[in-house]
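> Requesting a structural model of the entry that follows:
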Amino acid sequence: MAFRSFQDFVEQLDRAGELRHITEEVDTDLSSRNGQIANEIAQRWKTLLFEKPIIDGKTRPFLLP
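From the prediction side, this is the model:
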């Protein structure tokens, strides 16, 4: 299946119930603990969307191109 854009792809995942929105702030530093949490969540969901990632100490909104 072809998608018109990345946003279209994300919307299709959401409609199919395969996207889990993470609305809490999450540090993008890939420490072992964050990886463990992501693995536990990903076992139940195919795709995670972190809406408020913390990058370099600042919360950045996830923007679809």
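
> ranges for the strands of this protein?
19-27, 47-55, 58-59 (DSSP state E).

> Look up how far Pro61 lies from Asp29.
18 Å (C-beta to C-beta, to the nearest Å). Bear in mind the C-beta positions are built from the backbone N, C-alpha and C, glycine included.

> out of those two, which sits in the more crowded spot?
The neighbour comparison of Asp29 against Pro61 (other C-beta atoms under 10 Å) goes to Asp29, with 11 against 7.

> So which of the strands of the chain is nearest Asn39?
strand 47-55 (10.5 Å; C-beta to C-beta).

> Tell me the buried residues in the closest one?
49-50, 53 (16 or more other C-beta atoms under 10 Å).

> Let me have those in a markdown table, extended by distance to Gln12 and pLDDT.
Formatted as a markdown table, the buried residues of strand 47-55 follow (distance: C-beta to C-beta, whole Å; pLDDT from 0 to 100):
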| residue | distance to Gln12 | pLDDT |
| --- | --- | --- |
| Leu49 | 13 | 85 |
| Phe50 | 19 | 84 |
| Pro53 | 22 | 87 |
